[in-house]
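S.K.: what would the 3D arrangement of this be:
(2 chains)
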Amino acid sequence: MSGILNSSIGRKFAMALSALFLMFFLLQHFAINILSVFSPETFNSTSHFMGTFPLVQYVLQPVLIFGVIFHFVMGFVLEIRNNKARQVSYAKNNGGANSTWMSRNMIWSGLAILAFVGLHFYDFWFPEINTKFIEGDMTGLIDPDNAQSGFRYFEELQHKFESHVRTIIYVIAFVFLALHLLHGFNSAFQSVGANNKYTKGLKNFGKLYAIIIPLGFIFIALFHHLKHVLS
Amino acid sequence: MNLTLKIWRQKNASDKGKLVDYKISDVSPDMSFLEMLDVLNEQLINTGDEPVAFDHDCREGICGMCSLYINGEAHGPDRGVTTCQLHMRMFKDGDTIFIEPFRAKAFPVIKDLVVDRSSFDRIQHAGGFISVNTSGNTIDANAIPVNKADADEAFEAATCIGCGACVATCKNSSAMLFVGAKVSQFALLPQGKVEATDRVLNMVKQMDEEGFGNCTNTGACEVECPKGISLENIARMNREYLKASLKG
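M.R.: Numbering: from 1, shown residues only, chains lettered A, B, ... in the order given. Have a look, this model is predicted:
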């Protein structure tokens, strides 16, 4: 078992495991966000639970941050190593003849997603950490001194999607996420060895996941933006 | 057919090399690609020029010697064929055809279009075999029953001719389709199970040492492979490797 991360297959396996974890997280994130469309109250109470439950905050959140950093760092490391494996490029290369654009450009869709994660942290995560752990306000209330003021999460979300620019950036970022997942979902399963006669259905499920989840996030952003514009 | 060929010319391994233009006329669409290069070489010899060096042997798609990256694809634009099986009817009169060697750090150019693919041999030596007693008491292979589905899959993996098209076409110059096929052909058969752990660990170690890149599952290798070796063989190698790493 020792030194598995020093082998090409070991690194591939680790990359795939972090990807599978992130895809599971994305599904959970979507399930909570879509609540904001149907029931602001349920969205608020779920957000408050996720934001204050110790297991989520002190165990799952650090694991998630580690997973994100690991996936990005390993992605760059593999890209650099792979570029070194061909020192002279082809004068003519017809990549489109045998592979998808998504599969050949994971580094670019990944960088777009990384930029988006930066914006997303600036928008939501840093303010949240500041309120809870620096200012020490764990109430989740709009006015911490007034228990009747209600939770702040839905208000914050609506406020962010008032901006045209931010909404457009979110939509573009999720298009890149869809492109990344269109290759990444099935690639992760292939890397862990799950590609045989029993896993044929998985490929179609992967494509569905890669389209439906990002489309769902786009729908949520547009829903709140248009609600603001039309009100 | 009249064609313009842009061919990679490189005197030796240390030469920088460059693309050189050649005109060739009256090419028959029924010629194989290598026959077209033979005609070009005759033309070059007649004018006192150095003929283009390229690899070839059986010229019937089974030896794995011919290579060439033609118009941006390993073994050219046709599917399921090696360069010797590629016909000139795949091209049009007046076409410009780029002809380059297979490119990878692990496949250094020896001369013109000839590359050194002995890294594949070293991977095979690291574990691509079974240790059978050949001292006179050899057991008939057919004495051990093999499930038909496994035998078929092993056979399909064993059709890999080791040409290196997978490496040449992979954007990462990864050799995982080749190694996956070689690991699979033994992993699926009872005779291969005895040395399965050492085999996959040693072959992958050698593959990494040779400087091949890492597979990112683009699937380009499967498309360009003249023998249609499936990506399922890479997944099987991944499973075998993880199993072996946990054991050893």
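
S.K.: ok, the residue most central in space within chain A to residue B:216 distance?
M.R.: Nearest to the centroid of the C-alpha atoms of chain A, with distances taken as C-alpha atoms, centre = their mean, sits residue A:26, at 5.3 Å. Separation of residue A:26 from residue B:216 (C-beta to C-beta, to the nearest Å): 20 Å. Glycine gets a C-beta too; all of them are placed from N, C-alpha and C.

S.K.: what do you get for residue B:183?
M.R.: Noted for residue B:183: a distance of 19 Å to residue B:216, by C-beta to C-beta.

S.K.: what pLDDT does residue B:15 get?
M.R.: If you check residue B:15, the pLDDT there is 96.

S.K.: let me know the secondary structure of it.
M.R.: coil (DSSP: H, G, I helix; E, B strand; the rest coil).

S.K.: that one and chain A: what is the separation?
M.R.: Between residue B:15 and chain A the distance, using C-beta to the nearest C-beta, to the nearest Å, works out to 12 Å.

S.K.: and stretch A:21-41, does that touch chain B?
M.R.: No: judged by C-beta under 8 Å from any C-beta of the partner chain, stretch A:21-41 and chain B are separated, with a smallest distance of 15.1 Å.

S.K.: name the helices or strands packed onto the lowest-mean-pLDDT helix or strand in chain B?
M.R.: Using mean pLDDT, DSSP states H and E, helix B:190-193 stands out as the lowest-scoring helix or strand of chain B, at a mean of 92. Helices and strands touching helix B:190-193, by 3 or more C-beta pairs under 8 Å, 6 or more residues apart in numbering or on different chains; DSSP states H and E, are helix B:176-187.

S.K.: for the longest helix along chain B, buried residues please.
M.R.: Taking DSSP state H as the assignment, the helix of chain B that covers the most residues is helix B:232-247. Residues of helix B:232-247 classed as buried by neighbour count (16 or more other C-beta atoms under 10 Å in any protein chain shown): B:232-242, B:244-245.

S.K.: how far is it from where the chain is centred?
M.R.: When C-alpha coordinates are averaged (C-alpha atoms, centre = their mean, to the nearest Å), helix B:232-247 and its chain have centres 22 Å apart.

S.K.: that one and chain A in contact?
M.R.: Yes: for a cut-off given as C-beta under 8 Å from any C-beta, helix B:232-247 has contacts with chain A, namely B:232, B:234, B:235, B:236, B:237, B:238, B:239, B:241, B:242, B:245, B:246.

S.K.: what kind of secondary structure is residue 145 in?
M.R.: All of this is about chain A. Local secondary structure at residue A:145 is given as coil here, using three-state DSSP.

S.K.: wrong one, chain B
M.R.: Applying three-state DSSP to residue B:145 yields a three-state assignment of coil.

S.K.: what are the phi and psi values at it?
M.R.: The phi and psi values for residue B:145, taken as degrees, to the nearest 10, are phi -70, psi 140.

S.K.: that one and chain A: what is the separation?
M.R.: The separation that residue B:145 has from chain A, given C-beta to the nearest C-beta, amounts to 21 Å.
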